[in-house]
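Asker: take this sequence and fold it.
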Amino acid sequence: MKKILNKIHTPNWLTILLGIVLILRIPSFFEPYSYGDEMVYLTLGNGIRQGITLYSGIYDNKPPLLYITAAVAGSLFWFKVILAFWSLGTIVLFWHLSKTLFPGKEKLHKVATAIFALITTIPLFEGNIANAEIFMIGPIIAAFLILFSKPETFKNIFWAGVLFSIATLFKIPAAFDVPAIVFLWLIKDGININGIKAVAKKTWPLVLGFIVPIGLTFLWFAFKGSLKDYFTAAFLQNLGYLSSWRVGTQGKSLLKNLPLFIRGFVVLIGAGLLYWKRAKFSKQFIFLCLWLLFSLFAVTLSERPYPHYLIQSLAPTALLFGVLVADKTLEQSLVILPLAIFFLVPVYYKFWYYPTATYYQRFASFASMKMDKQTYLASFGASVPRDYKIADFLVKSMMPGETVFVWGDSPSIYALSRKFPPIKYVAGYHINDFSSKADVEKQFEKNKPTFIVLLPDAQAFTELTPLIRTSYIRIASVEGAEVWRFIRTKAK
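Answerer: Got it, this is the predicted structure:
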């Protein structure tokens with residue numbers, strides 16, 4: 001027991017830091033149902049709780065662990081609580097990794113851990129939001145911790161692969177962190193026959209461990225009769241995600257993905273330079289540079305400027321900052337180069353960011369009752385109070401088993417009301433990107449929703465007009481949103 005307590009013991013400074021992180025996360029517990037991605041996750045989580053099969057019965061295009069986490073939570077409040085304690089655990093793992101990589105350098109541990117803890121918590125890069133990145137970095141750090149703190153046995157490498165796989169089951173880009181350790185082995189063991197054999201001997205249990213959890217999900221969805229839907233949604237459709245932010249390249253797949261190939265070439269050039277100068281660099285420096293390069297490649301896969309993508313690169317970046325501040329070696333000055341690459345990425349791709357001071361000032365006003373609830377809700381988006389009213393109306397109006405179709409960018413209505421459409425798509429972009437309005441209209445001819453909600457800011461859905469005119473009656477208008485109820489097909 002004493003050994004176990006010693007292992008989980010944290011120094012006073014880390015305990016204080018974890019307390020600060022928890023305090024900084026308190027406002028997130030009181031956020032309204034508003035952030036689009038979270039609303040989709042919760043809707044799918046509610047679907048799981050009600051026995052709907054993922055991907056075939058209710059849809060999004062990520063692997064299943066994020067939706068399962070949302071299902072365990074059951075509500076936004078508990079989703080945020082799970083996120084908070086998951087984050088605390090991740091910070092402790094990061095601290096252990098910093099100690100393993102840089103033993104005896106306590107100042108480095110403190111600087112790196114503090115940077116990592118705070119940046120993954122505050123709203124700057126959406127650390128307050130339950131996105132996949134904040135969940136997947138925990139298993140990634142744990143995998144690297146095993147690989148650097150344990151002997152390179154089959155068992156240890158296999159379990160590291162399992163952890164990488166778990167991270168990937170939160171979001172596919174996590175898989176791009178795996179090559180960092182393989183390239184480190186190549187650089188350390190040498191690119192020759194004996195070196196390649198040694199790397200292959202270590203790589204195959206890593207790959208095996210990576211395959212097992214993902215393979216088990218394939219077996220599960222095959223058992224549920226939705227293997228094709230799962231494989232298409234979580235894996236194949238993510239291929240179209242590559243470089244998807246750019247326009248004007250439709251039908252030109254090579255041109256469309258040329259920047260992706262260029263970024264991959266840059267990563268290989270970086271790895272080649274590290275191999276060339278390997279005698280002058282420490283293993284830790286080489287690893288952190290490789291980790292940063294491969295994680296930034298993952299961050300920029302789609303070229304979309306969503307700030308939470310950058311969370312995947314924060315662990316190596318924080319450790320490099322720790323080296324810059326506290327490590328009295330030649331590498332203290334050299335880390336400026338990889339850090340410059342990290343800062344170049346959000347500048348070049350014009351990543352968004354979110355104000356932090358405003359976020360906490362708003363919560364302070366609400367907590368001190370200087371701001372009423374409706375104003376607080378509206379501060380997260382003008383449509384948020386309306387969505388709450390619509391969801392409340394649906395809860396009071398709908399019977400168990402009845403369905404509702406919401407047309408517009410408000411999946412929060414599904415999440416709040418815990419109601420579902422008669423089709424598997426729960427967001428407008430699902431229909432636009434992976435189906436069509438005409439196909440939805442055909443499905444409604446066979447399985448009509450009991451209610452249809454048309455939001456005022458939604459794009460036109462003219463295909464639904466004939467169906468609504470013949471089979472629905474408008475029963476309410478909520479701040480410009482029309483609520484229609486199915487009655488019966490009118491006689492011609």
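
Asker: excluding chain neighbours, what is closest to Ala117?
Answerer: Ile91 (4.7 Å; C-beta to C-beta, 6 or more residues apart in numbering). Quick note: C-beta positions are derived from backbone N, CA and C, even for glycine.

Asker: can you tell me which residues contact that neighbour?
Answerer: Taking C-beta atoms under 8 Å, 6 or more residues apart in numbering as the contact definition, Ile91 lies against Leu14, Leu17, Leu18, Val21, Thr113, Phe116, Ala117, Thr120.

Asker: who are the packing partners of whichever strand or helix holds the fourth one?
Answerer: Think Val21. Element membership for Val21, per DSSP states H and E: helix 12-29. Where contact means 3 or more C-beta pairs under 8 Å, 6 or more residues apart in numbering; DSSP states H and E, helix 12-29 is packed against helix 76-101, helix 106-119, helix 357-367.

Asker: right, and these - which one's nearest Ala167?
Answerer: helix 76-101 (11.1 Å; C-beta to C-beta).

Asker: give me the average confidence score over that closest one.
Answerer: For helix 76-101, mean pLDDT is 98.

Asker: what angle sits between that helix and helix 106-119?
Answerer: 160 degrees (axes from the mean of the first three to the mean of the last three C-alpha atoms, to 10 degrees).

Asker: coming back round to it: residues contacting the next helix or strand after the helix holding Val21, please?
Answerer: Under the assignment DSSP H and E, the closest C-terminal helix or strand after helix 12-29 is helix 36-49. Outside helix 36-49, the residues that touch it by C-beta under 8 Å, 6+ apart are 33, 54, 57-60, 66-76, 79, 129-131, 409-412, 414-415, 418, 420, 426-427.

Asker: and the next helix or strand past helix 36-49?
Answerer: helix 65-73.

Asker: list the buried residues of that next one.
Answerer: Across helix 65-73, burial judged by 16 or more other C-beta atoms under 10 Å covers Leu65, Leu66, Tyr67, Ile68, Thr69, Ala70, Ala71, Ala73.

Asker: and the residue lying closest to the fourth one once chain neighbours are set aside, how many neighbours?
Answerer: Distances taken as C-beta to C-beta, 6+ apart place Ile48 nearest to Ile68, at 6.7 Å, with adjacent residues excluded. The tally of other residues near Ile48 (other C-beta atoms under 10 Å) stands at 18.

Asker: same check, this time on Arg469
Answerer: 9.

Asker: again, but for Thr329
Answerer: Neighbours around Thr329, by other C-beta under 10 Å: 11.

Asker: just checking, Tyr388 touches Pro32?
Answerer: Yes - counting by C-beta atoms under 8 Å, Tyr388 does reach Pro32; the two are 7.4 Å apart.

Asker: quick one: common contacting residues for those two?
Answerer: Leu377.

Asker: list the buried residues for stretch 43-59?
Answerer: 43-48, 53-59.

Asker: dump it to PDB, restricted to CA.
Answerer: The C-alpha trace of stretch 43-59 is given here as PDB (Å, rounded to 0.1, in the frame of the first residue of the first chain):
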ATOM      1  CA  THR A  43     -27.300  13.700 -29.200                       C
ATOM      2  CA  LEU A  44     -25.400  10.600 -30.300                       C
ATOM      3  CA  GLY A  45     -24.700   9.800 -26.700                       C
ATOM      4  CA  ASN A  46     -28.500  10.100 -25.900                       C
ATOM      5  CA  GLY A  47     -29.100   7.900 -28.900                       C
ATOM      6  CA  ILE A  48     -26.800   5.200 -27.500                       C
ATOM      7  CA  ARG A  49     -28.600   5.400 -24.100                       C
ATOM      8  CA  GLN A  50     -31.900   4.800 -25.900                       C
ATOM      9  CA  GLY A  51     -30.600   1.800 -27.800                       C
ATOM     10  CA  ILE A  52     -30.100   3.400 -31.200                       C
ATOM     11  CA  THR A  53     -27.100   1.900 -33.100                       C
ATOM     12  CA  LEU A  54     -24.300   4.300 -33.900                       C
ATOM     13  CA  TYR A  55     -23.700   5.200 -37.600                       C
ATOM     14  CA  SER A  56     -26.600   3.200 -39.000                       C
ATOM     15  CA  GLY A  57     -29.300   4.600 -36.700                       C
ATOM     16  CA  ILE A  58     -27.700   7.900 -35.700                       C
ATOM     17  CA  TYR A  59     -24.700   9.500 -37.400                       C
END
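
Asker: all good on my end, thank you.
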